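> mind folding the following:
(chains A and B)
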Amino acid sequence: MEPTDEQPNVSGAVMKLELLIAMANQIGDFFSPYPPERATEGLRNHLRTYWDPRMRSALLAHIDAGGEGLSELVVEGARLLRDDAAEKDGYYGPPKR
Amino acid sequence: MPNPRKPEKETITICAYCGVGCGFKAETIGNEIVRMTPWKDGKSNHGHSCIKGRFSYDYYRHPDRVKTPMIRASIDDPWQEVSWEEAFAHAASEIKRIQAKYGRASVGGVSSSRCTNEEIFLTMKFVRAVLGNNNIDNCARICHSPTQFGLSATVGAGAASQHFDSILQADVIMVVGANPTEGHPVFGSMMKRRIRQGAKLIVIDPRRTETVDSPHCRADVHLALRPGTNVAILNSLAHVIVRENLHAPEFIKSRCEWQEFEHWAELVGSDEYSPENIGAIAGVDPEDIRRAARIYASGPRSTVYYGLGVTEHSQGSTGVMCLGNLALSCGMYGREGVGVNPLRGQGNVQGGSCLGSWPHVLTGYRFVTDDATRSSFEAEWGVELDPEPGLRLPNMFDAALTGHFKGMYIMGEDPVQSDPNQNHIIAALRKMECVIVHDIFLNETSKYAHVLLPGSSSLEKDGTFTNAERRISRVRKVVEPLAGYQDWEVTVKLMNALGYDVQYAHAGEVLDELARLSPAYSGASFELLDRVGSAQWPVDTKAPEGTEVLHMEQFPRANGLGTFMLTGFVPTRERISEQYPLLLTTGRILSQYNVGTQTRRTANSQWHPEDVLEMSRGDMQVRGLHTGDRVTVASRFGATQLKVVESNRVNPGIVYTTFHHAESKANAVTSDLSDWATNCPEYKVTAVEVAKVKPDEKSRARTDTAHPAHREHEAEALVAVEDA
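I've put the predicted structure just below:
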């Protein structure tokens, strides 16, 4: 049988939400000394480049549900993941489309 | 009486213990090693060695070695010995079943820095090309992943800028969170030689280590900071450099992004990082911070060597960036005797980092999200690759607990013993349906495994290692593999069993393939290494025999310039409290190696029969403790028992232990906090309390007692531990 991307027997977030929130806020803490626009871009690029897509979608789902426990910088930066125009070179050479 | 054991043959290879990678002559009679003698032409050791490489090789024929593959349907069943073919067929059918049921991304693998470059590369290829996802990680995740991140960010290459010999031209040596006289003894000896010749020594370490004060080694300044304040202290050094105009404007203007320097100077130059302010936070005399900064900046050749005391923190990557910032600001790059250099714990951590055994990058630190990089691999391997980053090692375990991750190929690693928060790892492994352990011993993780593939030690295989100075050296087969196959052959057969057809006549062909796919290794081959002995990457058309010093003219970043990162200090969430008033930190000792899997199975154990807890006199007195007492060390995460000894090497409020013995269970105590960028665990800071073991507790088995209120899933983990 060919492996598929569908996961009929798996549901819910890939990791406990508390872990994702704590990790995301730590990333936000790092970028907070940067000017606001660079801080959100840096956070977005970090998530895009280093986080498994399932982790990103779980974080975004939490933001859609109110984003409780997340810093403002994380919420703003993570939202840029949905903005195709944000897909450009960042601090660590994340991808170009 | 003449020695009746005259060796018949000698094979040049390297020691696979620490990141120095000493060259050795392995002398044999038949298929038995009778002596290891340091090789005088070895370029990282020049004929020197330590007692691990010299004497600690007998583990290869220890009775505990696994010689036959084994399988079982459930971890509660006994192991069943099977043929290699049966083991491969079983592993392959389980992986296929799991992927069909839970999806392609429900399995993954981890490679080891104890394995060769060729094996690390093949494990990465196995996960990406055969399993079809990017859930591949390396054990460097839990030690030096912040090095890759922090140095890549500032100077574009996550590796040592210098070769070891370069220290012989240094005027100032700054050692941060490392203890080379114990952890990297052959390099430590060279450092001492330079100190005897008059080089100044600055040590930043919570403990008065042997590097701070021992024969031939005395620090001019020792900043005995509180664990967890590296970034604050390094920013404060930078504060002094910026405020006193000790930086190197010409270098910064010609070699770095000037605007980023200005942003950085504004941050570190702010009053927040004044020596008075930070001295109070870090428990260090402000004048010592000033002295250290002035000595470092004045050079003229200042070099930095650092270890896990920098990386294993919740700001590990930030700490590494601080070192890059500091060196750039003072122009300490691009010459002999300067630079920033990670001291790697395991023999092939650098190789593990270079060869794409990470969920987000392919070889040469090139992102999986980059189409051009991916397509070069797709052309070579004939498959389409996943364009999204995969799960990191700690995330694999996190995802196992939610049912998203079900199977794993673990090559030469022992996460139960090595990874943080043991209870959490065990609970995660128990939720997996197929754990394949490929190792030379039945390690702690194998208790939770379904397939056991016998491994070969570095004395039984061909390949290459890359040491801490980027030096690629040959590992040569000294004796025949005990279980019949070299590790790289096992990985290939596993790939074949899953329907991916690939063959290599010998390990050199794997190196040829990885050289085609990795720019810095493009000139590497068995033929080259046989001819020149060893070569430091980049080894390519521009440098056909390798490169000793990096960044001579430019930095490998898009614009060729070094940059400054804004490294604000964020205190760790791990804090002392009334209940846990002491800070525990960890380190290692000369005669043993990491968790001791190998060295404990040799006579080296006589030098270090057990791990002990070092504690200051005052802290012992208020607790009514005496040297030799058995004590419980408890944190919010768990507890263990050790023998306590009074020590003036640690300040009041700090306790210290090594982690070479499994029964010490240091990782049952450490927290689940990790580096913000890489998830490298914060092993170096844990709030604990220490108390004398009551007589009635001594008879009880040492159990872990995680605080049930702290994390919910721990309740499940506790049960797991009691069952084990």
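> hang on, B:V644 in a helix?
No. B:V644 is assigned strand when assessed by DSSP: H, G, I helix; E, B strand; the rest coil, not a helix.
> count of residues packed around residue 60?
Just so you know, I chose chain A. As a burial measure, A:L60 scores 16 neighbours (other C-beta atoms under 10 Å in any protein chain shown). (C-beta placed from N, C-alpha, C; glycine too.)
> correction: the question concerned chain B.
If we define neighbours as other C-beta under 10 Å, then B:Y60 has 21 of them.
> please look at it and B:E460 and confirm they touch.
Yes. Counting by C-beta atoms under 8 Å, B:Y60 touches B:E460, with 6.9 Å between them.
> name the residue closest to the centre of chain B, please.
B:C143 (3.6 Å; C-alpha atoms, centre = their mean).
> next up, phi/psi of that one, please.
phi -130, psi -60 (degrees, to the nearest 10).
> re earlier: need the residues touching each of B:Y60 and B:E460.
B:V479, B:L482 (C-beta atoms under 8 Å, 6 or more residues apart in numbering or on different chains).
> so where's the stretch 501-650 of chain B uncertain?
Applying pLDDT under 70 to the stretch 501-650 of chain B flags the ranges B:588-600, B:603-609.
> for it, which residues are neighbours of chain A?
B:A558, B:L566, B:G568, B:V570 (C-beta under 8 Å from any C-beta of the partner chain).
> the nearest residue to the third one once chain neighbours are set aside: how many residues sit nearby?
Here the nearest residue to B:G568 in space, its sequence neighbours aside, is A:P33; by C-beta to C-beta, 6 or more residues apart in numbering or on different chains that works out to 4.4 Å. A count of nearby residues for A:P33, using other C-beta under 10 Å, gives 18.
> go ahead and confirm A:P33 touches B:L267.
Yes. The pair A:P33 / B:L267 is scored as a contact, 5.7 Å apart, by C-beta under 8 Å.
> identify the contacts common to those two.
Common neighbours of A:P33 and B:L267 (C-beta under 8 Å, 6+ apart) are B:L566, B:G568.
> number of residues surrounding the closest residue to chain A within the stretch 401-550 of chain B?
Residue of the stretch 401-550 of chain B nearest chain A, by C-beta to the nearest C-beta: B:H404 (4.7 Å). Residues contacting B:H404 under the criterion other C-beta under 10 Å number 25.
> report whether the expected contact of A:M15 with B:T402 is present.
Yes. The pair A:M15 / B:T402 is scored as a contact, 6.2 Å apart, by C-beta under 8 Å.
> the more surrounded of these two?
With neighbours defined as other C-beta under 10 Å, A:M15 and B:T402 compare such that A:M15 has more, 25 against 19.
> residues in contact with the closest residue to that one other than its chain neighbours?
Among residues not flanking A:M15 along the chain, B:D398 sits closest, at 4.2 Å (C-beta to C-beta, 6+ apart). For B:D398, the contacting residues are A:V14, A:M15, A:K16, A:L19, B:A428, by C-beta under 8 Å, 6+ apart.
> try B:A293
Here B:A293 is in contact with B:S236, B:L237, B:A238, B:H239, B:V240, B:I241, B:E244, B:L246 (C-beta under 8 Å, 6+ apart).
> what's near enough to touch the residue nearest to B:G568?
Contacts of A:P33 (C-beta under 8 Å, 6+ apart): A:A39, B:L267, B:L566, B:G568.
> okay, these in JSON lines with secondary structure and neighbour count next?
Output for these, formatted as JSON lines (DSSP: H, G, I helix; E, B strand; the rest coil; neighbours: other C-beta atoms under 10 Å in any protein chain shown):
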{"residue": "A:A39", "secondary structure": "helix", "neighbour count": "19"}
{"residue": "B:L267", "secondary structure": "helix", "neighbour count": "23"}
{"residue": "B:L566", "secondary structure": "coil", "neighbour count": "22"}
{"residue": "B:G568", "secondary structure": "coil", "neighbour count": "21"}
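> which pair of the residues you listed spans the longest distance?
Spanning the widest gap among the contacts of A:P33 are A:A39 and B:L267, at 13.1 Å by C-beta to C-beta.
> quick check, pLDDT for B:L308.
pLDDT recorded at B:L308 is 88.
> B:R114 now?
85.
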